[in-house]
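Trainee: Pasted the sequence and its predicted model underneath.
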Amino acid sequence: MKLCALASGWIRRGLVTASVLFILLSSARAGAKLKVLHAFAGGSDGTYPIAPPAFDHMGNLYAVTEEGGTGTGCSTYGCGVMYELHPNGTQWSEKILYDFFTTDNIQTLAPAGALTLDPNGSFYGVDSVGGDATCDCGEVYQMTRVSGVWTKTTIHDFVGNGYGSSDGNYGGAGLLRDSAGNLYGVTVQAGSFGNGTVFKIAPNADGTWTESIIYNFSGFRDGANPFAPLVMDATGALYGTTQDGGVYGYGTVFKLTLSTGGWTETTLYDFTGGSGGGNPVFGVVLDSAGNVYGAADTGGSNRTGVVYKLTPTKGIWNYVPIHTFSGNSDGGNPSSTVTIDAGGNLYGTTLYGGLYQYGTVYKISNVNGKWEETVLHSFTGGNDGWQPYGGLMVDSSGNVYGSASQGGRYGFGLAFEITP
């Protein structure tokens, strides 16, 4: 079974030393410029950023790191931090908001993915492992700020333990929040068939939360081992991916529809592992017409991944790879869910490839009916870091924000901005 190891150290600890914190680098293929917003120094500053950023209404950026901070009992580099980057003229300043930690009874380990913001300024996230110390199966948490101090509250501890469990374990890479304040997400493992779940956590009037499992993956036609966050369309249907299972065993794109009898799963596409891609660790996005876009990090004609589109036509979903990565200058092995802007352009990252083989940030646009890829930045493995991971955010001006999991001035990764 293929598991994206946000919590198990899949990203290797390469260290690259450089001498400049704020730099401006030109892409060899596009007019875009990359600026380092913050280079992580390790220790209390945080280590290995692998989550996409979230923005508040003031334009401040929030995210978590895989390791670092002052918490003990997790790894050599700490348990991870929640940090804020806020613009200050032409520079950005970092502030550590929370250190994840372990205690004898409650464990908080390796925050897995994106933070989700609510209208009141609270954030929600998932720990892929940790939580209840008797299970160490992960948790869903809430971060709230009172008088300038951030406090973490566990709102659900996963307690699934293998096949036949009433709950899941190993929480996925982020949460979806609907307009009623309900949270949706996935677990990679456990559930009724041991192949992962889709869950819903609903807020109660007394401030508590109630979790319910809305789907258990069988591991067969419907897929197995989901990891990526879900998305929701205007009707309330949920969309996501599984890393494994399906007809060919290479994963699926699925849809969950709520009706009177509960949630019904429909498999929109079965990955073949061949030219159409395979084993999608990352999720999907929707455009205004209801088309589904995503990236598979393996497969394709060059075995280095694809970006794909699914179009609904009279109840049948038509699958088209809109870019097949070569593993060379255009990048290789997508390392994020694609991001879509208001114009329908797609953005993402690759773990490898590019001019220097350290990964890329790319943009894919539909030009006169033909999809064309542009590399916005090829990472050099030096001051600008390497192996971008987790995802991107694009603002209304077309600026792109993300992180490189490795490298930078201190060798522990960095946050960046790319301006068009």
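Mentor: Noted; the coordinates are in hand.

Trainee: give me the element Asp136 is part of.
Mentor: Counting by DSSP states H and E, no helix or strand carries Asp136.

Trainee: Would you confirm that it contacts Asp157?
Mentor: No - in this structure, Asp136 is not within contact of Asp157 by CB atoms under 8 Å, at 9.8 Å. All C-beta spots, glycine's among them, are computed from the backbone N, C-alpha and C.

Trainee: neighbour-wise, which of the two wins?
Mentor: More crowded of Asp136 and Asp157, by other CB atoms under 10 Å: Asp157, with 23 against 18.

Trainee: for the stretch 51-200 of the chain, what are the low-confidence residue spans?
Mentor: In the predicted model, the stretch 51-200 of the chain carries pLDDT under 70 at residues 71-77, 102-112, 130-133.

Trainee: just the strands in it please.
Mentor: 54-55, 61-67, 81-88, 91-99, 106-111, 116-117, 123-132, 139-146, 149-157, 168-171, 176-177, 183-190, 197-203 (DSSP state E, counting those that start in this stretch).

Trainee: Show me what the last one is packed against.
Mentor: For strand 197-203, the elements it packs on are strand 183-190, strand 209-216, judged by 3 or more CB pairs under 8 Å, 6 or more residues apart in numbering; DSSP states H and E.

Trainee: okay, the first one in PDB with CA atoms only?
Mentor: Coordinates of the C-alpha atoms in strand 183-190 are reproduced here as PDB (Å, rounded to 0.1, in the frame of the first residue of the first chain):
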ATOM      1  CA  LEU A 183     -15.800  19.400   8.700                       C
ATOM      2  CA  TYR A 184     -15.100  16.700   6.200                       C
ATOM      3  CA  GLY A 185     -12.000  14.600   5.700                       C
ATOM      4  CA  VAL A 186     -10.500  11.200   5.100                       C
ATOM      5  CA  THR A 187      -8.400   8.600   7.000                       C
ATOM      6  CA  VAL A 188      -5.900   6.500   5.100                       C
ATOM      7  CA  GLN A 189      -6.600   3.300   7.100                       C
ATOM      8  CA  ALA A 190      -9.100   1.400   9.300                       C
END
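
Trainee: And the closest residue to Tyr170 other than its chain neighbours, how close does it get to Leu268?
Mentor: Closest residue to Tyr170 apart from its sequence neighbours, by CB to CB, 6 or more residues apart in numbering: Val188 at 4.1 Å. According to CB to CB, to the nearest Å, Val188 and Leu268 sit 20 Å apart.

Trainee: repeat for Ile340
Mentor: In terms of CB to CB, Ile340 sits 17 Å off from Leu268.

Trainee: same thing with Gly78?
Mentor: The spacing between Gly78 and Leu268, counted by CB to CB, is 40 Å.

Trainee: Tell me which of these two has more neighbours.
Mentor: Under the criterion of other CB under 10 Å, the comparison of Gly78 against Leu268 puts Gly78 first, with 25 against 18.

Trainee: neighbours around Leu147, how many?
Mentor: That one is not Leu; residue 147 is Ser. 4.

Trainee: can you tell me which residues contact it?
Mentor: Ser147 is in contact with no residue at all, counting by CB atoms under 8 Å, 6 or more residues apart in numbering.

Trainee: Same question for Ser44.
Mentor: Ser44 makes contacts with Gly68, Gly69, Thr70, Gly78, Val81, Ile96, Asp99, as judged by CB under 8 Å, 6+ apart.

Trainee: of all those residues, which two lie farthest apart?
Mentor: Gly78 and Ile96 (11.0 Å; CB to CB).

Trainee: what residues do those two have in common as contacts?
Mentor: Ser44, Gly69.

Trainee: For the residue nearest to Ala295 when sequence neighbours are not counted, which residues count as its bridge partners?
Mentor: Nearest non-adjacent residue to Ala295, counting by CB to CB, 6+ apart: Pro334, 3.7 Å away. Pro334 has the following beta-bridge partners by DSSP bridges: Thr350.

Trainee: and the gap between Pro334 and Gly391?
Mentor: Taking CB to CB, one finds Pro334 at 11 Å from Gly391.

Trainee: Thanks again, I'm all set now.
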